[in-house]
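**Student:** Have a look at this fold, sequence not included:
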């Protein structure tokens, strides 16, 4: 009986050609991950807006709104965390370009109907590539920070519906969800 090698080399997969739409830009011709070359793209103003929500009980939301959470100002801390995360996206997500962001805003609105918090981030840059990942990262980290600051009170908190709402600028133009 033939023996199999202990650590066989993984098979290389060729990039599938498809008429279904554009190819994935972070995948090279041989299937390897790669950073997109944006050196020939013009620097234009680009904006991305993302949203998400943190769903909790009314009692936990009341604790946040009243400012009586044991860890302190939940919404203020989450806002700062989201801004910091947007600025460090290229360190967190492989293949993202480091960008000199010109503006980052994170807005967090308590919503009694959820009950919970609606988180919205807007990120702006003038450069050769978009800021969708920065906006999504800002929302994700702001939501995670809210969770971290209230988990001692309620472990069943849910982070939901993180998505890109709008994108402006660049070759692909305007996108709105």
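**Tutor:** Received the coordinates, thanks. Computed from a prediction, not measured in an experiment: that's the story for all the values here.
**Student:** chain center to stretch 68-80: distance?
**Tutor:** In this view, stretch 68-80 has its centroid 20 Å away from the chain centroid, taken as CA atoms, centre = their mean, to the nearest Å.
**Student:** so how far is the first residue of that stretch from its last?
**Tutor:** Using CA to CA, to the nearest Å, the end-to-end distance of stretch 68-80 comes out at 19 Å.
**Student:** State the mean pLDDT of it.
**Tutor:** Averaging pLDDT along stretch 68-80 yields 93.
**Student:** quick one: buried residues of it?
**Tutor:** Neighbour-count burial for stretch 68-80, counted by 16 or more other CB atoms under 10 Å, picks out 69, 74, 75, 77, 78, 79. For every residue, glycine as well, the C-beta is placed using N, CA and C.
**Student:** now these in CSV, with distance to residue 92 and secondary structure?
**Tutor:** CSV is the format used below for the buried residues of stretch 68-80 (distance: CB to CB, whole Å; DSSP: H, G, I helix; E, B strand; the rest coil):
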residue, distance to residue 92, secondary structure
69, 26, coil
74, 22, helix
75, 22, helix
77, 19, helix
78, 17, helix
79, 18, helix
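**Student:** following the longest helix along the chain, which helix or strand comes up?
**Tutor:** Using DSSP state H, we find that the single longest helix of the chain is helix 132-150. Going down the chain from helix 132-150, the next helix or strand is strand 158-168, by DSSP states H and E.
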